[in-house]
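Engineer: With the sequence up front, the predicted model follows.
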Amino acid sequence: MDLLDNEKYIYDHDPHKIIDILNDFPKQFKKAEKIVRESELGYKKKFKNALILGIGNSANVAYRLIGSININELKLPIIFCSKSTIPLWVNEDTLVIAVSYSGNTVEVVKAVDNVLKLSTGVTVITTGGKLEEKAANNKNIRLVKYEAHIPSRMSVGYIYTLLVGVLYRAGAIHICNAEDSCPLGLDWNDIEDAMFKYSKKLNPSVGTYNNIAKRTAVNLYQNIPVIYGCTKLTEVVSYRLKSQICLSSKNFAHFGTIPEIDHDEIVAWEMSPELRAKYFVVFIIDKEDMKKRLDIVKGIFIEKRIRFEEIVLEGKDNSSKVFCGILLADWISIYLAILNKVDPFSTNLLDLIKNRLAQSKIG
């Protein structure tokens, strides 16, 4: 659409400079790895399982990334918990990691309190807040602090890197090719370079015809997006795109995975043509992933006249693909916000819920 080919219009309608934050996103990984190198994380015992306490976009994405990047080999069961109540199996043999950007997330703070009642240690990843205060007064809390003056949903690079660093130091994961110069198995200079190069194809100066982020935003405009991934790798990007469309674009979106949808959700597409016309499907794929199954699903969509497009992740390896995919998801959500004439920074309803939760003291 013409609006997305007007570079000045795009920047004028990004009053909180989310685009500048996104342009700096590739730098997060090296900064976080430096924190890992300098942190005193001497774990003296062997754990039998791990529990990650977190909630929201970045924590969820970081957790999904751990299992999608093939150099990370899980040595223990690692469970993600987004509630204030903790599983009954948690004990002194459990590695507990709490992730909260602000350090004030109600559910995470209460979950940490519940863990501490068991005399079990907790490692906290945060920028400050109540969790930092608790760490200063409790020897059972290890603090991993980072500085980032950005919206919490834009901090996934920090959280992923710090989370992997803690898991690795605690013996919960094995990282292939880990060495002193590359402790987390990835050369962040290469990742950063790949992301910066890819971002140049997506920025506002590139016209809609040659810009996949803008073209996808145009396709999703005034529709209900449905995002489907096919593997762990594409599932992460699909989830990120769904979440960012909800948060930045103020547009409801749905997310699912193949083959899971083939066993239940596919039947819902028998809805009336009038309802189907309200949806637009995006398949996030990695070249030949599940090609036969995907072709069958696409064939059904063509028969049912369901509109869709494919996005093939770019990159020389799966690490580059998934991080560039997250970058693409964020650009799409910003351009869709511009089309929707909303501020991609604001999260008014989310803030309202947080305030009411704080007032009512609900966990």
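Structural biologist: Thanks, I have it.
Engineer: Distance from the chain centre to whatever helix or strand Val124 lives in, please.
Structural biologist: Per DSSP states H and E, Val124 falls inside strand 122-126. Put simply, strand 122-126 sits 18 Å off its chain's centre (CA atoms, centre = their mean, to the nearest Å).
Engineer: Name the surrounding residues that touch it.
Structural biologist: 41, 53, 95-103, 112, 115-116, 131-132, 134-135, 140-146, 159, 162-163, 166, 170 (CB atoms under 8 Å, 6 or more residues apart in numbering). To be clear about C-beta, it is placed using only N, CA and C from the backbone, and glycine gets the same treatment.
Engineer: how about Gln28, what does it touch?
Structural biologist: Contacts of Gln28 by CB under 8 Å, 6+ apart are Ala148, Ser155, Val156, Gly157, Tyr158, Thr161.
Engineer: want to throw these into JSON lines with neighbour count and distance to Leu65?
Structural biologist: Below are the contacts of Gln28 laid out as JSON lines (neighbours: other CB atoms under 10 Å; distance: CB to CB, whole Å):
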{"residue": "Ala148", "neighbour count": "18", "distance to Leu65": "17"}
{"residue": "Ser155", "neighbour count": "23", "distance to Leu65": "13"}
{"residue": "Val156", "neighbour count": "24", "distance to Leu65": "8"}
{"residue": "Gly157", "neighbour count": "28", "distance to Leu65": "10"}
{"residue": "Tyr158", "neighbour count": "24", "distance to Leu65": "12"}
{"residue": "Thr161", "neighbour count": "26", "distance to Leu65": "10"}
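Engineer: Let me know the closest of those residues to Ala213.
Structural biologist: Val156 (17.4 Å; CB to CB).
Engineer: Would you confirm that the closest one contacts Phe323?
Structural biologist: No - using CB atoms under 8 Å, Val156 is not in contact with Phe323, being 9.3 Å away.
Engineer: Just give the nearest non-adjacent residue to the most centrally placed residue in the chain, would you?
Structural biologist: Most central in the chain under CA atoms, centre = their mean is Val61, positioned 2.8 Å from the mean C-alpha point. Sequence neighbours aside, Val156 is the residue nearest to Val61 in space, at 4.9 Å (criterion: CB to CB, 6 or more residues apart in numbering).
Engineer: now swap in Gly42 and tell me
Structural biologist: Here the residue nearest Gly42, using CB to CB, 6+ apart, is Arg169, at 7.9 Å.
Engineer: now Leu350
Structural biologist: Per CB to CB, 6+ apart, closest to Leu350 is Leu247, 7.5 Å.
Engineer: Give the burial count for the nearest residue to Ser205 once chain neighbours are set aside, as a bare number.
Structural biologist: Distance criterion CB to CB, 6+ apart; nearest residue to Ser205, sequence neighbours excluded, is Glu7 at 5.8 Å. By the criterion of other CB atoms under 10 Å, Glu7 has 13 neighbours.
Engineer: Now Glu7. Its backbone dihedrals?
Structural biologist: phi -60, psi -40 (degrees, to the nearest 10).
Engineer: For Ser199, see how far away it is.
Structural biologist: 15 Å (CB to CB, to the nearest Å).
Engineer: Please apply the same query to Arg307.
Structural biologist: Applying CB to CB to Arg307 and Ser199 gives a distance of 27 Å.
Engineer: what about these two, which has more around it?
Structural biologist: Between Arg307 and Ser199, counted using other CB under 10 Å, the more crowded position is Ser199 (19 against 13).
Engineer: Three-state assignment for that one, please.
Structural biologist: helix (DSSP: H, G, I helix; E, B strand; the rest coil).
Engineer: tell me the contacts of it?
Structural biologist: With CB under 8 Å, 6+ apart, Ser199 has these contacts: Leu22, Asn23, Pro26, Leu327, Trp331.
Engineer: what's the nearest residue to the second one if we skip its chain neighbours?
Structural biologist: Meaning Asn23. That would be Ser199: by CB to CB, 6+ apart, it lies 6.6 Å from Asn23.
Engineer: And the helices in the stretch 51-200 of the chain, which stretches?
Structural biologist: In the stretch 51-200 of the chain, the segments counted as helices under DSSP state H, counting those that start in this stretch are 57-68, 106-116, 129-136, 156-169, 188-200.
Engineer: Nearest to Cys230, out of those helices?
Structural biologist: When these are ranked by proximity to Cys230 (CB to CB), helix 57-68 comes first, at 12.0 Å.
Engineer: Poorly predicted segments of the stretch 201-350 of the chain, please.
Structural biologist: Scanning the stretch 201-350 of the chain for pLDDT under 70 picks out 288-289.
Engineer: just the helices in it please.
Structural biologist: Taking DSSP H, counting those that start in this stretch as the criterion, the stretch 201-350 of the chain carries its helices at 212-220, 232-247, 273-276, 291-303, 318-340, 348-360.
Engineer: Using TSV, please lay out these together with distance to His263 and mean neighbour count.
Structural biologist: Listed next are the helices of the stretch 201-350 of the chain as TSV, based on distance: least, CB to CB, whole Å; neighbours: other CB atoms under 10 Å:
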stretch	distance to His263	mean neighbour count
helix 212-220	26	22
helix 232-247	16	25
helix 273-276	20	11
helix 291-303	12	13
helix 318-340	25	25
helix 348-360	32	11
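Engineer: from the contacts of Gln28, which is closest to Asp180?
Structural biologist: Out of those, the member with the shortest distance to Asp180 (by CB to CB) is Thr161, at 16.7 Å.
Engineer: which one is the closest one nearest to, not counting chain neighbours?
Structural biologist: Ala32 (3.5 Å).
Engineer: Just the element for the one you found, please.
Structural biologist: helix 28-38.
Engineer: do Pro15 as well
Structural biologist: Pro15 belongs to no helix or strand, assigned by DSSP H and E.
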